[in-house]
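1. sharing a model prediction with you, sequence too.
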Amino acid sequence: MTASQLATFVVASMAIIIVPGPSVLFTLARGVAWGRSVAVLTVLGNSLGTLLLSFVVALGLGPLLSRSHAFAIVLQIAGGLYLVGLGVEALRHRHAHAREMARREAQRPRVRQIVRQGFTVGVLNPKSLVFFAAVFPHFVNATRGHVTTQLLVFGALFSVMAFVSDSTWGLIAGTAREWLASSPTRLVALRATGGVVMTGLGALILVSAVVGA
């Protein structure tokens, strides 16, 4: 793959990663409840789960995407519709989600449990699955071959960038835990922002799929 191809992918991925999505909101909830160390360990588990999921998608989709442009378009449309649905749901239930984020558990979980919980959220996150399947193919240069390898590289890069970004969110939440938890309005606004971003991302994917069809 070319340097410009990688650069475009990095810029697009960071634009998606830095805004509050499901994994970020889960990390923020743990940071608000337990502090910085729990938030970072949660991100570690989440990133490992995301990495595994991206590899599964790459190995399964690589051969198909190298042979069928129509299949890639269908995946992008399905992913766009799903992300729009997630965004609308986040906006509709932003108050309930904010209350859930502010809730403190009775006992601090152990390190292994924290990482395991983060891993479960990462590997079973349907948004990540759809994102990898719908967005990654957009950056693949099929004419240069090695489509599966390109997807594996994208998955690894995305997971590393997500770890750095989500850890930053977790450190912020852990540091400002009292400030965030003391105002439900702030948590509602955070969840609403994530909903708007997911809806906008889904719409952009749909437009890109229609144009590229």
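-> Structure received. Only a predicted model underlies this, so the values are computations on that prediction, with no experimental measurement involved. Numbering: from 1, shown residues only.
2. use CA for all of it now, contacts and neighbours both
-> Will do.
3. can you pull the contacts of residue 140?
-> Contact partners of residue 140, counting by Cα atoms under 8 Å, 6 or more residues apart in numbering, are 147, 150, 151.
4. the helices in this structure, which residues?
-> Ranges of helices within the chain are 3-17, 22-34, 36-67, 69-92, 94-102, 111-123, 126-139, 147-175, 177-181, 184-212, based on DSSP state H.
5. tell me the pLDDT of residue 11.
-> pLDDT, residue 11: 82.
6. tell me how many other residues crowd residue 29.
-> Look at residue 29: counted by other Cα atoms under 10 Å, it has 28 neighbours.
7. then the one 10 residues further on?
-> For residue 39, the count of nearby residues is 31 (other Cα under 10 Å).
8. who's in contact with it?
-> Listed by Cα under 8 Å, 6+ apart, the contact set of residue 39 reads 27, 28, 30, 31, 167, 170, 171, 174.
9. please repeat the previous calculation with a cut-off of 10 Å.
-> 24, 26-33, 114-115, 118, 166-174 (Cα atoms under 10 Å, 6 or more residues apart in numbering).
10. and residue 115, by the same measure?
-> With Cα under 10 Å, 6+ apart, residue 115 has these contacts: 38-49, 109, 121.
11. for residue 43, see how far away it is.
-> 8 Å (Cα to Cα, to the nearest Å).
12. which residues are in contact with both of the two?
-> By Cα under 10 Å, 6+ apart, residue 115 and residue 43 have these common neighbours: 49, 121.
13. picking up where we left off before, deepest of the helices of the chain, which one?
-> Highest mean neighbour count among those (mean count of other Cα atoms under 10 Å): helix 22-34, with a mean of 25.
14. and that helix with helix 3-17, angle?
-> Computed with axes from the mean of the first three to the mean of the last three Cα atoms, to 10 degrees, the direction of helix 22-34 lies at 50 degrees from that of helix 3-17.
15. excluding chain neighbours, what is closest to residue 42?
-> Spatial nearest neighbour of residue 42, chain neighbours left out: residue 118 (4.6 Å); criterion: Cα to Cα, 6 or more residues apart in numbering.
16. so that neighbour is in contact with residue 29, correct?
-> No: with contact defined as Cα atoms under 10 Å, residue 118 does not reach residue 29; the gap is 11.8 Å.
17. mind listing the shared neighbours of those two?
-> The contact sets of residue 118 and residue 29 overlap at 23, 39 (Cα under 10 Å, 6+ apart).
18. from the contacts of residue 115, which shows the smallest pLDDT?
-> Minimum pLDDT for the contacts of residue 115 is recorded at residue 109 (69).
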